[in-house]
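> mind folding the following:
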Amino acid sequence: MAPGEALVAELHAKAREAYPELTVDEATFAAELVRRAGPDPAQLAKARVDHVYLAIACMAGDTRAVAKVEAEFFGEVEWSARRLRATRDQADEVRGQLGRLLFVSEPGREAGLASYSGRGDLGSYIRVIATRELVRVISKGRREVAVAESALFDQLSPASEPGLRYLRERYRGDVDTALRAALAGLSEESRAYLRYSLIDGWNIDRIAELYGIHRSTAARRVSAARDELGDAIRTELAARLDVSTDEVDSYVRMVQSRVDVSLARLLG
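The predicted structure follows:
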């Protein structure tokens, strides 16, 4: 059963009252409302017609409507990020993707605001989309961290290094376990600086640009990451092995020297 003209006019007026600066004609509103929420008048009366009106305006390309959605509802990313304990970079990535997910239809995927039915408020709807995307980004990040830590281990502890080979033969897997534990215990920022410099081969200028800092500050932070790694290795080796202080320091110097070579290359 199609909704009556009186009901459509009432719902249209209600929606326009919420967003008087936007213009969606009554015929377009009626057709879209029925497409999204169905023809049952009882269901239409329960719908968030103001938010449907806003979504229709967005999909029509009204920049004021798009700005309204961004201002009123993009904060849902931060809410979901706190609940999921996402990093600032992960939240920023999702916030950057949210516009595409909401406003742009792609092959095999309809724009989020074209699918919005109005059965719940738009904030909750966007929160679901943001949460789903955050989970994807966090899972992807965990896989990348695991790969990055493995790559860092290979860079810092190559099998061809004679001194490391001797320690490995003497203490079997405990030395490698200590280094992996030291890497895993580093701060996220320190791991990132080591990854950019050792694995990705970024120069200091590129690292500085990423963080919005001076190149000398970037160089100091890579050096600080090197020192943090050295302290972590000392702690792990002391806890796991009966190793002399000289042997510990020798191993630490071997590992740190690989960071020093990389840093000298990046500054060159």
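> contacting residues around the residue nearest the centre of the chain?
In the chain, the centroid-proximal residue (Cα atoms, centre = their mean) is residue 90; its distance is 1.7 Å. With contacts defined as Cβ atoms under 8 Å, 6 or more residues apart in numbering, the neighbours of residue 90 are 81, 134, 137, 138, 141. The way it works is simple: take the backbone N, C-alpha and C, and place the C-beta from them, glycine included.
> what's the lowest-pLDDT member of the residues you listed?
Lowest pLDDT among these: residue 141, with 52.
> in a helix, that's where the residue nearest to the centre of the chain is, yeah?
Yes. With DSSP: H, G, I helix; E, B strand; the rest coil as the criterion, residue 90 is assigned to a helix.
> I'd say residue 56 and residue 35 touch.
No. The pair residue 56 / residue 35 is not scored as a contact, 10.0 Å apart, by Cβ atoms under 8 Å.
> between the two, which is the more surrounded one?
The neighbour comparison of residue 56 against residue 35 (other Cβ atoms under 10 Å) goes to residue 56, with 24 against 11.
> where does that one land in three-state SS?
helix.
> quick check: it vs residue 92, distance?
29 Å (Cβ to Cβ, to the nearest Å).
> repeat that for residue 30.
If you go by Cβ to Cβ, the gap between residue 30 and residue 92 works out to 39 Å.
> quick one: which of the two has more around it?
residue 30 (19 against 13).
> isn't that one right up against residue 6?
No. Residue 30 is beyond contact range of residue 6, at 11.7 Å (criterion: Cβ under 8 Å).
> can you name the element that comes right after the lowest-mean-pLDDT helix or strand in the chain?
The helix or strand of the chain with the lowest confidence, counting by mean pLDDT, DSSP states H and E, is helix 162-171 at a mean of 57. Toward the C-terminus, helix 162-171 is succeeded by helix 174-185 as the next helix or strand (DSSP states H and E).
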